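Enquirer: Turn this into a model:
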Amino acid sequence: MVVAFSLGTREAVAADCQQFSAGHKTGTIQLDSIREASGLAASRKNPGVLWVHNDGGPPCLYAMTPQGTHLGMYTLKGARVRNWEDIAIGPGPDPNIDYLYVGDIGDNRVKRKSVVVYRVPEPAVDANQTPVSMVLDDVAAIELQYPAGPRDAETLMLDPLTKDLYIVSKETATKVYRAPYPQSTNELTMMELVATIPWGTATGGDISPDGTLIIVRSYFAASLWVRGKETSVKDALAGRECSIPLILERQGEALCFDANAAGYFTTSEGARQPIYYFPRKP
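Expert: From the prediction side, this is the model:
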């Protein structure tokens, strides 16, 4: 079932908004250990590689292909798992390296005094490799706090133009918080509330590799904002909100653009879940 409808109060369906076609299945997650796929990211430097993680269990990232073929398990040395909910990919301290950012940001009881984003250089992965098991060193912990008390959140985004981190809350009126670059790995950082989205239960999101497109999804629908390269994320989210397609999933939380923003992938929690791809229209 394909769903595509407006989530906000603004006019969302317009000719210039319809940038993506209905999705199709590319494969099925094959590794049985992946039962709670909460976050998804597409590698830029490793062609044909997706990163995924569970929201609980060991502090591991899993590499797979868009067809769901398992490529490896990568443990983040020194990291903890309270509730890993999303993953982002992009630039960081070294301009020659892509980093993986893992958001331990879930807070179902809304009691956490702070949340953590783990940052680690992305390892090399071959889409044709035999599955490996590796430990990733050089893991940095970025501790963040909300300005007005705890929030539950399942969406982490990285702005590739500024390297700012964004956390999107999961509540009735969705709030967007910013942690500006450079993010400290030595002391607590207070985030800034920058935007409110007039619908709730955000479960995932991403900013395109060139920074010009922003997607936030819920279980049942997703919205797109187009952003000029001189426009802040805050101002972009105050602009036109466009409805884009999703396929109804068991518990859809994960979403990411592909390496060229030629489309986006989604998948769901649950064992052996399908992977969907929504291509950009010509």
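Enquirer: What's opposite the nearest residue to Ser114 once chain neighbours are set aside in the beta bridge?
Expert: Of all residues not flanking Ser114 in the chain, Gln145 sits nearest, at 4.6 Å (C-beta to C-beta, 6 or more residues apart in numbering). Where C-beta positions appear, they are placed from N, C-alpha and C, glycine not excepted. Applying DSSP bridges to Gln145 gives these bridge partners: Met190.
Enquirer: With His70 instead?
Expert: On the basis of DSSP bridges, His70 takes part in beta bridges with Met64.
Enquirer: Now that Leu237 has come up, it's in contact with Val176, right?
Expert: Yes - the pair Leu237 and Val176 qualifies as a contact (C-beta atoms under 8 Å) at a distance of 6.3 Å.
Enquirer: which of these two has more neighbours?
Expert: The neighbour count for Leu237 versus Val176, taken as other C-beta atoms under 10 Å, is higher for Val176 (25 against 22).
Enquirer: circling back to that earlier point, give the intersection of the neighbour lists for Leu237 and Val176.
Expert: In terms of C-beta atoms under 8 Å, 6 or more residues apart in numbering, Leu237 and Val176 are both contacted by the residues 194-195, 197.
Enquirer: of all these, which comes closest to Phe265?
Expert: Of all the shared contacts of Leu237 and Val176, Phe265 sits closest to Ile197, with 21.6 Å by C-beta to C-beta.
Enquirer: circling back: so what's the residue nearest to Ser114 up against?
Expert: Contacts here follow C-beta under 8 Å, 6+ apart; on that basis Gln145 touches 113-115, 188-191.
Enquirer: now these as TSV including neighbour count, pLDDT and distance to Ala41?
Expert: Converted to TSV, these look like this (neighbours: other C-beta atoms under 10 Å; pLDDT from 0 to 100; distance: C-beta to C-beta, whole Å):
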residue	neighbour count	pLDDT	distance to Ala41
Lys113	11	97	27
Ser114	13	98	23
Val115	26	98	18
Leu188	11	98	25
Thr189	19	97	22
Met190	11	98	26
Met191	21	98	21
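Enquirer: Dump those to TSV, plus distance to Glu36.
Expert: Supplementary listing: the contacts of Gln145 in TSV, determined by distance: C-beta to C-beta, whole Å:
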residue	distance to Glu36
Lys113	24
Ser114	23
Val115	18
Leu188	28
Thr189	27
Met190	30
Met191	25
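Enquirer: and Arg109, how many neighbours?
Expert: 8.
Enquirer: so which helix or strand takes in it?
Expert: If you go by DSSP states H and E, Arg109 is not part of any helix or strand.
Enquirer: same thing with Lys45?
Expert: Going by DSSP H and E, Lys45 is not part of any helix or strand.
Enquirer: Then Ala236?
Expert: Secondary structure assigned from DSSP H and E places Ala236 in helix 233-237.
Enquirer: sorry, back to before: what's the closest of the contacts of Gln145 to Glu122?
Expert: For Glu122, the nearest member of the contacts of Gln145 is Val115. The distance, counting by C-beta to C-beta, is 21.7 Å.
Enquirer: you'd agree Asp126 is in a helix?
Expert: No - counting by DSSP: H, G, I helix; E, B strand; the rest coil, one finds Asp126 to be coil, located in no helix.
Enquirer: Go through the contacts of Gln145 and name the one nearest Ala153.
Expert: Closest approach between the contacts of Gln145 and Ala153, by C-beta to C-beta: Val115, at 7.3 Å.
Enquirer: any idea how far that closest one is from Val135?
Expert: Separation of Val115 from Val135 (C-beta to C-beta, to the nearest Å) stands at 24 Å.
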